[in-house]
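*Asks:* build the 3D model from these lines:
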Amino acid sequence: MRLGQSSKFKVATTFAWAAAALFVAGGARGQSAPRQVTPNADAGGFASVYGQVPASQAEFLSTPDSIKNAAATGAPSLVWEVLEHGEEVECLDCIPVVAPLLYASDSRTREIAAWWLRRRMFGVFGPGEVYSQTVQTLQTDPSAVRRADAAYALGEFLAPSGIPVCATALASDTDATVRAAAAFALGRMNTDGNGALGAALTDSDSGVKLAALHAAARVNTFSGLANVAALLMDPDADVRRNALNVLDALDASDTLAAVTAAAQNDSDATVRAAACHALGTFGSAASSALPVLQTLETSDPDTFVRDAAQIAIQRI
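*Replies:* Numbers count the residues shown, from 1 in each chain. Take a look at the predicted model:
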């Protein structure tokens, strides 16, 4: 059921006040141990939910103290467990402790930190708070590593305001790892960045092109198919194969000629096999490629390519 704008506002306002009340109430709790989700009472309590499972193995809700302690240790498994179990915990004091984890050395820690932070109702998205600090880091930090981490974080925050920031980084950052991170972030936000992903396919760095291809296959609308097809002539076989995978995933039968040429002429067997698979995906639209596939089925030097051609023939 879709809500009208006024209804949405009322629901959001009610939720905001309720969350604020929970935050105030929760702030009075000083316990350092996690709080058990279900009660220990025999009837309708812990046993009815978990049966014979030991209490130590049951699900717990994190407390503000446990979040702070885990963030201070930085241990990836502990951070992940505590933040995941603290999804609904409003703790303003926890935010400055969790925010540095956006730049941790472990990618899992960075991901869960952004996941937890984006769920905060207060203290993250206001002026000068964590989100705007992350934008500033991507735009101005002298460290390419920190800029790349900031780009990944913006992707995990899922805020539309990060789209133009990441698109700009993808187009103009001097470091390829940052540009690749920005491409990933756009894909995570389900956008091609107003054409930024398509333009990135002409980047001089293979890693950036691969990141842009990975993102292009996952966004709902992508406008750079011509640039994807052009990559079938790229000197890097990984780029050519991944470009074919994107054309395959998007069922881009209007690139039939380029895909047929790749199946017939590419020097890399994995690329030829990927092209055969794409032709099979195109189905009847690829009927003109049947002679090429029939030749590959019988005479390609690679067994995998011959098998892929045979399967493609059956699908057309």
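*Asks:* only C-alpha atoms from now on, for both contacts and neighbour counts.
*Replies:* OK.
*Asks:* any weak-confidence spans in the stretch 151-300 of the chain?
*Replies:* Counting by pLDDT under 70, not a single residue of the stretch 151-300 of the chain qualifies.
*Asks:* what's the closest non-adjacent residue to the residue nearest the centre of the chain?
*Replies:* With distances taken as C-alpha atoms, centre = their mean, the residue of the chain nearest its centroid is residue 188 (3.8 Å). Excluding its sequence neighbours, the residue lying closest to residue 188 (C-alpha to C-alpha, 6 or more residues apart in numbering) is residue 155, at 5.4 Å.
*Asks:* I figured the one you found hits residue 183, correct?
*Replies:* No: between residue 155 and residue 183 there is no contact, the gap being 9.2 Å when judged by C-alpha atoms under 8 Å.
*Asks:* buried residues in the one helix or strand residue 65 maps to, which are they?
*Replies:* Of the helices and strands defined by DSSP states H and E, residue 65 is found in helix 64-73. When burial is assessed from 16 or more other C-alpha atoms under 10 Å, helix 64-73 yields the following buried residues: 64, 65, 66, 67, 68, 69, 70, 71.
*Asks:* what of stretch 72-92?
*Replies:* Within stretch 72-92, the residues that qualify as buried are 74, 76, 78-92, counting by 16+ other C-alpha under 10 Å.
*Asks:* and that stretch, how far out from the chain middle?
*Replies:* 20 Å (C-alpha atoms, centre = their mean, to the nearest Å).
*Asks:* quick one, helices of the stretch 1-150 of the chain?
*Replies:* Secondary structure of the stretch 1-150 of the chain, counting by DSSP state H, counting those that start in this stretch: helices at 5-27, 46-50, 64-73, 76-84, 95-98, 107-117, 130-140, 144-157.
*Asks:* rank these by pLDDT, which is bottom?
*Replies:* Per-stretch averages of pLDDT across those put helix 5-27 at the bottom, with a mean of 39.
*Asks:* out of the buried residues of helix 64-73, the closest to residue 252 would be?
*Replies:* Sorting the buried residues of helix 64-73 by distance to residue 252 puts residue 71 at the head of the list, at 45.7 Å, by C-alpha to C-alpha.
*Asks:* what's near enough to touch that closest one?
*Replies:* By C-alpha atoms under 8 Å, 6 or more residues apart in numbering, the residues touching residue 71 are 79, 97, 98, 101.
*Asks:* for these, pick the one with the most neighbours.
*Replies:* Going through the contacts of residue 71 with other C-alpha atoms under 10 Å as the criterion, the one with the most neighbours is residue 79, at 26 neighbours.
*Asks:* once you drop chain neighbours, what's closest to it?
*Replies:* Ranked by C-alpha to C-alpha, 6+ apart and with sequence neighbours excluded, the top spatial neighbour of residue 79 is residue 70, at 5.3 Å.
*Asks:* distance of the one you found from residue 156?
*Replies:* Residue 70 sits at a distance of 21 Å from residue 156 (criterion: C-alpha to C-alpha, to the nearest Å).
*Asks:* next one: residue 240
*Replies:* Applying C-alpha to C-alpha, the value for residue 240 to residue 156 is 28 Å.
*Asks:* look at these two and report which has more neighbours.
*Replies:* Here residue 240 and residue 156 are compared on neighbour count by other C-alpha under 10 Å; more neighbours surround residue 240, at 27 against 23.
*Asks:* does the more buried one really touch residue 231, like I thought?
*Replies:* Yes: here residue 240 reaches residue 231: they are 5.8 Å apart, a contact under C-alpha under 8 Å.
*Asks:* which neighbours do these two share?
*Replies:* Listed as contacting both residue 240 and residue 231 by C-alpha under 8 Å, 6+ apart is no residue at all.
*Asks:* near residue 115, how many other residues are there?
*Replies:* A total of 19 residues lie near residue 115 under the criterion other C-alpha under 10 Å.
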